[in-house]
Every structure is written in structure tokens, then in C-alpha cells.
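>>> Take this sequence and fold it.
(chains A, B and C)
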Amino acid sequence: MTPSIAGEKMAAIGKTVALEQAGMVEQPGWTLPDRGRVAVLCLFTTEFALFTIFVVAYVFYIGKSLTGPTPSQVLELPIWATICLLSSSVTVAIAERALKANRIQQFKLWTGATILLGFEFLRNTAVEWRHLIQDFHLTITTNLFGTTFYSLVGLHASHVAIGLSLLLLALVLGLRGSMQGQARRFELLSWYWHFVDAVWVAVFTVVYVIGR
Amino acid sequence: MNSFPRVAALWCLISVVAFGQSVHPVANVFDPKATPADSVYSVSMLMLAICAAIFLVVGGLLAFTIVRFRRRKLDDSREPAQVYGSNRIEIAWTVIPVLIVLVLSMATARTVLEVQNKRMPANALKVTVVGHQWWWEFRYPDLGIVAANELHVPLSTVAKPAHTLLKLESADVAHSFWVPQLAGKTDVIPGITNTMWIDPRQEGIFLGNCAEYCGTQHANMLLRVIVEPPADFEKWAAAQKLDAALDPRMESARATFLSLSCINCHAVSGTPATGTFGPDLSHLMSRSTLGSGVIPNTPENLRSWVKDPQAIKRGNLMPNMQLNSRELDEIVIYLSSLK
Amino acid sequence: MATTTYFPETVGQTEALPLPSKLHEWIVTVDHKRLGILYIATALFFFAVAGVLAAFIRWQLAFPNGTVLPPDVFNRFFTMHGTTMVFLVGMPFFAGLANYLTPLMIGARDMAFPRLNAFGYWIFLFGGILLYFSYVAGEGLAGHGTAPDVGWFAYAPLTERAFSRGTSTDYWILSIILTGIGTTASAINVIATIISMRCKGMTLARMPLFVWLMLVVSSMVLFILPPLTAGQMMLLLDRYLGAHFFDTQAGGSAVLWQHFFWLFGHPEVYVLMLPGFACANEIIPVFSRKPMFGRAAMIGATVAIGMVSSGVWAHHMFTVGMSASSNIYFAVASMVVGIPTGIKIFNWLGTMYGGKIRFDTAMLFCIGFLFQFLIAGLTGIMLAVAPFDWQVTDSYFVVAHFHYVLLGGLLFTLFGAIYYWFPKATGKMLSETLGKWHFWLLVIGFHLTFDTLHFAGILGMPRRIYTYAPGRGWESLNLVASIGVIFQAAGVACLVWNIIRSLRKGAPAGNDPWDAWTLEWATTSPPPEYNFAVLPEVRSSRPLWDLKHPEDPDWRYE
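The predicted structure is shown next:
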């Protein structure tokens, strides 16, 4: 085998490697689940376990604070924030579908809407926390309720923030015209966003419904 | 390193001479001297028998297989029969372990209930054990006694059973109360009160350790349980109940003691010293060791300890008090009077 | 059936590069083989470090009233020894083996996410360096800084600010969070690779058992690391933001830390051990010249272990004061989880039975593993009997038990794996003579140390004590245990020398020195960067057996 043929073969193999890595070369008659989806589902599993532990701590310490204030004294149902966050799941789903159908304008619009709704959720949380700290003097160090409340809600809020930054990135890339053909990746991001919403349903139920 | 036989002998001698008690120095789990330890011992023997049998059978099979099926030198290098498995064999060697687990589970459940759910008779002696970094406090609430580092309990006989119920609390971090010949260990955890019970049936001094890592001097948080006949126990209790000795000859020594910051941490009954951070010193001389079992309670050791506890038990929470020699003499004289 | 398509022609070797370029290649690599080697080399390095710590511990304990190490140094040594062995040796061995072998065994070119792979390695390394940086970071607040000294499971409230001043505990927390992120990344990568990148014909049922076990281990990691990470985060909040998760003064619960930690900690020991089983699953059949006996049962037993092991954590807490019914439940569950483990031992026995056993070093280590793991499992059953555990938990009996599992079990299989796969990774054979010296020295040293320590526990010696008084019956046992260290160190030295020597002038290995049956032996040693010139297609779980024995292929029976 001459060096040039060897070189070509290397190049061909390299290209095959690259294509295979992108999951685009199928061995005929043999299809396996998409690795991005598998990875994101694994991520959800582990994040779900993480949130479960914080929920367990929250539930374990219900009623055990040595001093006040208590949840029923200071917590109000965050209806508006919940509506915002759950609607943002709808808007992100619409954005995803738009991107799949290559309607980039629609995609940018609905991604922007998702970001605004998500941001409104966080703004609401910030207002609620300021109210709790300034008016009720409830901090993470006040009592067990403060400790478990701020850590659980804060953990969720940080996940929302991470999702928001990724959505922002997607929007910026969309504005620059780089989101063509990235529907697969955006799908994974929208899955993450749905996950964060589902976690909020659980947190809301435990903290604002059961725990009060 | 070169004096350990002498130190060990010295300890035994002191104990025997001072208290007529013999130390049981080896805290063997398989030499139980109280009912909880007995219960553990019996289920352990069953468990050991079963495990030994399993080891002999399986280990024997392994050894046999290795020898019998080793490749011989004059081998024809054909591959042996490629056997993929056998459902029947799989079932057999699943069912047998399940049966073994069943037997062991029942024995375990019975012993757990026996020890944990034992109902204490009304006349059980109640002791509150408080674990501190790195010493033990023993309070007898019904007798009005506060002691440290040595737990006196009455001997239990068939004719006159004597149970002691221990309530375990911690003043700081997690500890564990373990005197192997009397019972399994029970953790001493801040924020919860655990209970355990013993009914020692042999006289003597049983040794134990704190068994949950609790910081620098965990190794030297030693336990001594002194089991004595009821009459001797009563005598000891009566002496402990009294206020600390108020010897008129100790006037100036006591004054020195009370003027120093010792009283911030230590209590001496009948005096203004009411500190609770460190051990109660009211009857310090009734104990055979200092520093929770670290050194024998002799005049030289007492002096060394008061002079610089850090040199003996490095990292312990009694600082070097920087006493001058006059203060040191006075303190030691006073403490030596607290019988 | 094509016979030669698995073997690529030699296509241009890498020219001899200058040293800085070679190092740069290693630093920027995303090749799963190189990352696997990095993981294992780093694990071996930390193993040596933790081994030195252990040697000092045993030196201090060889005689009563020892003066080799003062108490605070000793307490840091055992904390660092345990933390290093679990997080910086055991976990990277899993990651290294999984990353190196999985793509080769499933006929893929690399892991699903090569860059995530690299990220996992480097964040693990950062975590390890951060842990040891605690020694260098200085004395901290009022002399309470330096390395952590709270034990590897760091019970609360000893770890709270009040009792652990300075920053030593924080180094422990942060480095474990970092290595945990790395391990999670590896686990996600392994699962995605196994699910999504198997070559044609390799159904899940036809995967090598090694790959099956890595799939189970990775799934376990996803579930068990969060309790640890959550606990660490809570502890950080306690220490820095004044939270009260484990602050007993404010109503917090010290036992809650134990629950969270052992929810992680117990399945963790299976996460550590299962990769060892995975290696044994490959080595024992090849050197017995028979397929694994009861493949389906082995897979089932592994999945059972993975699931049941998450429900037995409180057997580490029998003495905490749980109710009788809780204690009974955990005791029974812990015994039940021993059943699938026992089944595995029987299946290995069934594999060897009727075979033609070759006693190469890799197999010697697996045989040692079988005997020792049998004993380890039996002492584990003993510890599951809660009343017995009340006596010997937190004593040298349990120390001996888990060293039997991890050293006598895991480490022996890992050493076996090194002898087995070193030729594949480097193209050179390790010396069998040195290997046998390694094995026998280790066997002698291991048994001298850990057989005797069981008895120290029975005689009342608690763990984590920096010294002990004479006359308790512990002196001779400790002296013998300490002497064993010398043999173990000598054995490991043989391995290190073997590796260095073989890298320079080991005999060439060829593609398939052991006459084995899985796909990694179908390519060159070392494999080219793209693993296989043409991706293979398989019809059974032993594709190379099918190739070598076309008259009697496995797919006829599976």
C-alpha cells in the first residue's frame, strides 16, 4: 500500500469516524437510541435524586424548628410565578417545533417568550425572598424551616437560572443565524426546561401545599 | 514501649490493692459477663458455625476445582466442553442461600427483640451517661450522684438480679459507649437520648472504649465499669453523695483552688465551684485513673496532669493553666484531699 | 463471514515527536484509550500515596503507646487514607477501565462524548490535587487548618464549624464534590455509549459481562452520588451560611447526615467492587477456557445487587438507636443482598469446573480474589447479624472486613486486570516472574495484616485510635499486622518495577496474547486511535470464539 493510498484511507476512516460520532452513519438495519437523549435522561435521573434528598430534608424537618416563624405564618402561594413557569414550558415546546420546521423567526420569538417568562419566575422568587427576609426576618440561619426552605427553593431557582442562560445562548445564536439544523440540540435543552418545571411542581406541592 | 509490662502490672496492682477489684484487661466479645453480651454471643456462635460451614464447603470446592481442572503439561490444547450453564444448578444454589438467610434472619430478629425490647424491672438502677470530648460523665439521678470516668454498678446474681439502665446523651459530638464484655455498643449522639442496659454477673473492672471517632483524643476516652456486690456499691454511693471533703487543714489550698479559673470548668460539691464543662472533682481521689483512663491516679501523675495536661493527653480541652509552683502545690494538695 | 476485516493494515505510525509535543498530546487528548490510561495511572499514583499513609498508620500502631505520629497527624492520616482510597483510587479505576475498554468491547470508535470524558478526568484530578493541597494550604485558623481529620465518612456534628474550625473539612467537602462531578460525567458517558454505540448485532444480551456490569455500576452512580453531594452541600451551607441541617443545637439531626451518607456509602462499596467483578468475569472464563457459567444468572444477579444494595444502608447504623423493627429489616435486607453475590461466586466456580485452568498471573490474582472475597462476604453476613454488629462495628473487625473486600477482593481483581490488559494497551507483555512475586508477596502480606485484625476487633479494639495501652491483648496482633505491610509494599514494588521494565523492553504482545474471545482482542496492541478499521458485526457474546471455531460457534447455542 503506497503512502498516498494509505493517506486516503486514513482520511476516509477519519471522515467515517466523524460522521459516526455525529450519529449520522447508521449501520444498515441497526438503529440505537440517540446518545444525546440518553445522556440527558441520565442527567435527569441524577438531578431527580439530588432534589429528592433536599425534599426529604425539608419534609423531615417540618414542624421541628425550635423557633418561629413557621411556614403558615409567612408563606403565600406563588400562583403567578407558577403560571409563568408552567406557561414557559408551552412556549419552549412551540419554539422547538418551530426550529424543527426551520421557522427561525417563530423560533426566536417563542424562545424569547420563554426567557421572559422564566425571568419573571425568578424575579418573583427574588421579591418573595426579600419580603421574607426584610419583613419576617426569615433567613437560612433563622431556624430549620429557613434552612430547608431557602436551600430547596434556591436549588431549584439555580437550575432555572442555568436553563435561562442556555436559552439565552440559543436565542443569541438564533439571532446570529447559527441555529439552523440544531433542532436536535435544542430539543435536549427544551427537555431540560420541562424537567425544571416538573421539579417546580414537586417543590411547590411539598413547600407551599403540604408543608404549610 | 519498654515499660508496658510494668505499667500493666502497676495498674492491676493499684486496682487490686486500692479496691480489692481485679481488672479484666482483655475485653473479649466472646467472653460475655452480662445478659446483653450473652445474647449476642449465642447468636454469634450460630452465625459462626453457619459461616464456617459455608467457607469449608465453598472453599473446599474452589480448592478442589483448581487442582483437579488445572491444565496439565501434556495437554492436547483442545478446548474443554463449552458448558453455558444449568438452570437446575442455578436454582439449587439460590435456594440453599435463601434457606440459610431465613434461619439467620429468625435468629437475628429474636436476639434484637430480646435485647432492645427488654422491659426493665422497677428497681433498675438508672444512670445518665453524658459523653464529652474526651471524658465520660455519669449521673445517678435517683441517688443524687455526679461522677466521672468510672461507672460503678451493682453485681447481678441469680438470687438478686440487679439491672442498670443507661441513658446516653452527648454534650458535643457523637460518641459510642462500648464495654464488650457487658453489651454491644450504643452510640451517644447529641440531640437524642439512647438507652441500653446491663446486668453484670461477675465482679471486677471491665474495660471499654469510646467507639465513635470524636476528635483528637478519641483513643483516650476510656471506660471503666466497676462491678461490685450491692453492699460495696451502697458504700460507694453513700460516700459519693456527701459533699466534698471540707478538711480545715485544706483552708488555704482550697482558697487557692477557688480563686483560680479551675472553677469555670470543674465542680466541687459544697463549694462555689460549679463548672460543668469538665469532670466533677468532688471525689477525685476515689477514682483509680485520671484523664478518663489515660494514667493511674497517683500523686506524681496528679501533679503532672495539673501542671500540663497537654503533655499527657495532647489536644484535650483542659489547657495548660500556666500555674506557678506555689499554686500548683496548693491545687495538688487540695485535690488530693477530695476523697 | 469475513475473517480478516477486523484486522486493520498498519497505516502510518505516529512519528517520534519531541517530548513537549508528546505531553501536549496527552493533555489535550479526548481519545478514550488515553484517558483510560490517565485515569488508571493517576489511580495507581494515589494508591501509592494512600499506601504510604497506611504504612505510617501501621507503624504507629505496631506497638502500644506509639510515638511515631502525634494524635492530630494520625487522625489526618486515616482520614486521608480512606478518602483517597475510595474517591481517588477506587472510583478512577472504575472510570479508567470503563472508558478504556467499553468502546473496544462494543465495537465502537470512542465513547459517546469524548470531550465530556476528558472533562471528567481533569475535574477528578483537580479534586484530588485540591484534597492534598489542604496539607500545603497552611495552618489556617489558630492552627486548625491543614488536611481534614474527621474520618472518611465525616460524621456530624464533628464536621460543624464549632468542632472543626479552620478550613480542613472544607477541603474534604469541595474535593469530593469535584470528584463526584467527574464520576457522574463518566457514568453518563458510559451509559450513553453502551446504549447508543454498540456495533451491529450486539444486542444487550450479547454484550460482554464486563460491559453489563459497567452499565449497572454507572446507573448506580447516577442514583447514589446525589445523596452524598446533597449532604456535602448541606454541610457547606451549615459551615458557611449558618444553616442548621446537622446542627444539633438548633434541632438539626446528626443522624440525618448518617442516613444521607450511607445512602451513598453502602451502594458505593458495590460501585467500587462491581468493576472488580467485571474484570473477573472476563479473566476467569478465558483462563479456564470455558464460557461464563450461567451468563444470564450473572447479569440478573448484578442487577439484583444494584437494586437491593440501595435498600440496606442503615446496617452501618445499627448502633444509632433505631427501633428493633428497623434494625431487623436492615439486617435481613443485608443478608438478602448477599445471596446474588454468593450466586456470582458459585458461577465463577462453575466456570472453572471442567475447564483447563492456566495459572498466568492475571488468573492467580482472580483465584486469590475468589478465596478472599468468599471470606469477605462471609464476614459481611456476620456483620449483617445486627447483634454481632453491635459488638464489632467501629472496631478492627469491620476494618478487617472492608479491607478484605477492597484489598483482598477489588485490588486483586484490578491487579489481575492490569496483567490481562496491559499487553493490549501497550503492546508489551508484563513479566510473569515478577508478576508471581507480586502475587505471592501480596498474599502473604495481606493475610498477615488483615486476618489478625479480625481478632483485634473481637478483643475490643476500636477503630480510629492513634494508640492503645498495653495489657489489652492487642500488642502481638498489631505487631503482626504491621509486619504484613512490609510484604504488601514489596509486592506492589514488584508491580511498579514490572510496569517500568516492560514499557521499555517487554516482549511484544501481538493482538491476542491470551487467546481470548471479546472484541478488544480483534485489533492491534495497542489499538489505533480509531480502534477498528471496519466496525465489526457480531452474532454472539463471544465473537472471536465464533471466528476461531467456525465449526462450533456460540450463536448456535445462545
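>>> Skipping its backbone neighbours, what lies nearest whichever residue of chain A sits closest to chain C in space?
Closest contact between chain A and chain C, by CB to the nearest CB, is at A:Thr141 (3.3 Å). All C-beta spots, glycine's among them, are computed from the backbone N, C-alpha and C. In this structure, A:Thr141 finds its nearest non-sequential neighbour in C:Gly242, 3.3 Å apart by CB to CB, 6 or more residues apart in numbering or on different chains.
>>> Which pLDDT value goes with that neighbour?
Looking at C:Gly242, its pLDDT stands at 95.
>>> try C:Phe7
With respect to pLDDT, C:Phe7 scores 42.
>>> Same question for A:Met1.
On the pLDDT scale, A:Met1 is placed at 44.
>>> Return the helix or strand in chain B with minimum mean pLDDT.
The helix or strand of chain B with the poorest confidence is helix B:4-19; it has a mean of 54 (mean pLDDT, DSSP states H and E).
>>> Touching, C:Ser482 and C:Gly66? I think so.
No. Assessed by CB atoms under 8 Å, C:Ser482 is found out of contact with C:Gly66, at 9.9 Å.
>>> Spell out which residues are contacts of both of the two.
Shared contacts of C:Ser482 and C:Gly66 (CB atoms under 8 Å, 6 or more residues apart in numbering or on different chains): C:Trp59.
>>> Of those two, which one has the most company?
C:Ser482 (21 against 17; other CB atoms under 10 Å in any protein chain shown).
>>> The more buried one and C:Arg58, how far apart?
For C:Ser482, the distance to C:Arg58 (CB to CB, to the nearest Å) stands at 4 Å.
>>> swap in B:Leu335?
According to CB to CB, B:Leu335 stands 39 Å off from C:Arg58.
>>> And chain A, what are its domain boundaries?
A:1-32, A:34-210 (automatic domain parsing).
>>> Briefly note if stretch A:60-70 comes near chain B.
No. Stretch A:60-70 lies apart from chain B when judged by CB under 8 Å from any CB of the partner chain; the minimum separation is 10.5 Å.
>>> Just the buried residues of that stretch, please?
A:Tyr61, A:Ile62, A:Ser65, A:Pro69, A:Thr70 (16 or more other CB atoms under 10 Å in any protein chain shown).
>>> Let me know the closest of these to C:Thr179.
Distance to C:Thr179 across these (CB to CB) is lowest for A:Tyr61, with 28.7 Å.
>>> what residues are up against the nearest residue in space to the closest one that is not next to it in sequence?
Among residues not flanking A:Tyr61 along the chain, A:Leu144 sits closest, at 4.3 Å (CB to CB, 6+ apart). By CB under 8 Å, 6+ apart, the residues touching A:Leu144 are A:Tyr61, A:Lys64, A:Ser65, A:Leu66, C:His244, C:Ala250, C:Gly251, C:Gly252.
>>> Looking at those, which are in helices?
Residues of the contacts of A:Leu144 located in helices (DSSP state H): none.
>>> Low-confidence ranges, chain A, go.
Applying pLDDT under 70 to chain A picks out residues A:1-26.
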